[in-house]
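J.: take a look and give me a structure for this.
(one chain, ligands or ions: 1)
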Amino acid sequence: MAVKKGIKILGTGSSVPDFEVPNDEFAKILDTNDEWITERTGIKTRRFVQEGETSLTLCEDACKKAISEAGIDKEEIGIVIVGTCTADYITPSMACLLQGSLGLDERTLAFDLNAACSGFVYSLNTAYLLLHGSFKKYALVVGVEVLSRVLDYTDRGSSILFGDGAGACVIELSGEKPFVFEAGSIGGAESLNIPMTYQEKNPFTNKEPDTHKQVVNINGNEVYRFVQDAFPKSAAIVFEQAGITPDEIDYFICHQANLRILMASAKKLKVPFEKFFVNIDKYGNTSAASVAIALDELNKTGTLKRGQKLILAGFGGGLTYGSAYLTW
Ligand code: UT7
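T.: Alright, predicted model coming up:
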């Protein structure tokens with residue numbers, strides 16, 4: 001009988017801009033303060049790109065580190081998937097741009113995946129499924145956001161939440177490793193969206209340019225309620241399918257949306273909060289990049305040991321959610 005293969009992560013990398021914007025800076029432009037932001041979200045500061053930095057420059061940096069750590073021949077990468085909702089262009093995709101700038105083989109399946117904050121875990125699962133039919137060994141899975149270009153800096157309810165960054169990993173299929181994934185979507189634009197805008201008047205239809213801005217619109221309370229239920233629900237399905245219990249998990253590497261959400265999730269799953277990795281204080285909510293950045297931080301600090309059991313989970317815009325079980 002064929003062994004069901006899982007995922008082995010061979011290398012990780014991440015990249016955040018140097019430019020830091022602490023909560024106090026928002027207090028200078030909005031009716032807000034460090035105390036409110038810290039208490040309600042756990043965020044202390046975030047990074048924003050500056051002139052010359054883009055989604056692509058962040059991706060390149062993260063990917064080069066991941067490929068270098070993996071120690072692989074990059075010619076053997078056959079799949080590049082970038083989870084993002086703030087790509088530099090509507091087309092070309094970030095994944096195609098990376099194929100070019102990293103000098104990957106032309107026979108690379110490269111595309112972006114928009115599942116907002118679930119983007120990295122959705123991409124990981126998609127790469128896993130595609131690798132089964134690939135004639136190459138490795139996939140490069142990336143999460144990147146430059147949310148600073150779609151924030152409404154007059155809205156204290158949304159602008160304080162987000163940050164920029166990228167994370168990446170190189171994976172291969174392995175008969176010795178597990179991979180169990182569970183995902184869902186509850187479609188609707190009401191609680192979280194970034195709208196497209198007509199830039200110019202259409203001379204044929206007379207459709208005028210939009211007056212609304214291409215910025216993040218979020219009903220925080222609604223998204224909060226959705227996330228609170230979605231993560232424990234999807235994690236429970238993963239535990240059942242994998243035949244494991246929450247207390248066996250070494251680290252929960254979840255989307256960094258809100259510290260309170262992470263704490264409530266630990267409580268619901270009845271696991272010590274110490275098992276939940278937290279870096280929202282440093283980077284804010286980096287949407288599709290957050291899980292990948294967190295994974296790289298745990299790796300680079302030497303915290304992860306081979307064989308340790310991990311849950312990776314994303315949840316947010318779409319609405320979307322997804323949880324993955326794998327081992328380091
Ligand atoms: O990554 C995608 C997933 N995203 C999320 O999961 C985000 C989920 N949502 C959240 O994290 C929280 O809902 C927020 C952090 C966005 C908001 O926290 P909250 O505890 O739900 O606050 P609230 O929206 O209920 O607002 C409470 C009060 C309001 O004032 P009133 O109406 O009670 O007078 C807000 O106007 O806090 C006010 N407020 C602020 N005050 C100071 C909202 N934003 C701010 C602010 N500073 N930045």
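J.: neighbours around the residue in the stretch 1-150 of the chain that the ligand sits nearest to, how many?
T.: The stretch 1-150 of the chain approaches the ligand most closely through T32 (3.2 Å), counting by C-beta to the nearest ligand atom. Just so you know, the C-beta spots here come from the backbone N, C-alpha and C atoms, and that holds for glycine as well. Applying other C-beta atoms under 10 Å, we find 18 residues neighbouring T32.
J.: swap in A166?
T.: 32.
J.: what bridges to it?
T.: In this entry, A166 is beta-bridged to S15, V144, by DSSP bridges.
J.: ok, it - contacts?
T.: 14-16, 55, 58-59, 61-62, 142-145, 289, 292-293 (C-beta atoms under 8 Å, 6 or more residues apart in numbering).
J.: quick revisit: just checking, the residue of the stretch 1-150 of the chain closest to the ligand touches R156?
T.: Yes. Using C-beta atoms under 8 Å as the test, T32 is close enough to R156 to be in contact (4.6 Å).
J.: what is in contact with the two at once?
T.: Shared contacts of T32 and R156 (C-beta under 8 Å, 6+ apart): F26.
J.: show me which residues of the stretch 101-250 of the chain sit near the ligand.
T.: 117, 156-157, 160-161, 220-221, 223-224, 227 (C-beta under 6 Å from any ligand atom).
J.: from the ligand, how far off is A235?
T.: The gap separating A235 from the ligand is 16 Å, by C-beta to the nearest ligand atom, to the nearest Å.
J.: any idea how far K74 is from that residue?
T.: 34 Å (C-beta to C-beta, to the nearest Å).
J.: more neighbours: those two, which one.
T.: Comparing A235 with K74 by other C-beta under 10 Å, the one with more neighbours is A235, at 24 against 18.
J.: find the nearest non-adjacent residue to the more buried one, please.
T.: S323 (4.8 Å; C-beta to C-beta, 6 or more residues apart in numbering).
J.: quick one: C117 and A288 touch, right?
T.: Yes. Assessed by C-beta under 8 Å, C117 is found in contact with A288 at 6.4 Å.
J.: okay, and the common contacts of these two?
T.: G314.
J.: ok, how many other residues are close to the closest residue to the ligand within the chain?
T.: Closest approach between the chain and the ligand, counting by C-beta to the nearest ligand atom: G220, at 2.6 Å. Neighbourhood size, G220 [other C-beta under 10 Å]: 16.
J.: ok, it - contacts?
T.: With contact taken as C-beta under 8 Å, 6+ apart, G220 is in contact with 157-158, 161.
J.: for G316, see how far away it is.
T.: Applying C-beta to C-beta to G220 and G316 gives a distance of 12 Å.
J.: equivalent analysis for E240, please.
T.: 24 Å.
J.: the two - which one has more neighbours?
T.: G316 (26 against 12).
J.: was I right to think that one contacts C254?
T.: No. Using C-beta under 8 Å, G316 makes no contact with C254, being 11.0 Å away.
J.: is Q214 part of a helix or strand, or is it coil?
T.: coil (DSSP: H, G, I helix; E, B strand; the rest coil).
J.: for it, give me the pLDDT.
T.: Confidence at Q214, expressed as pLDDT, is 96.
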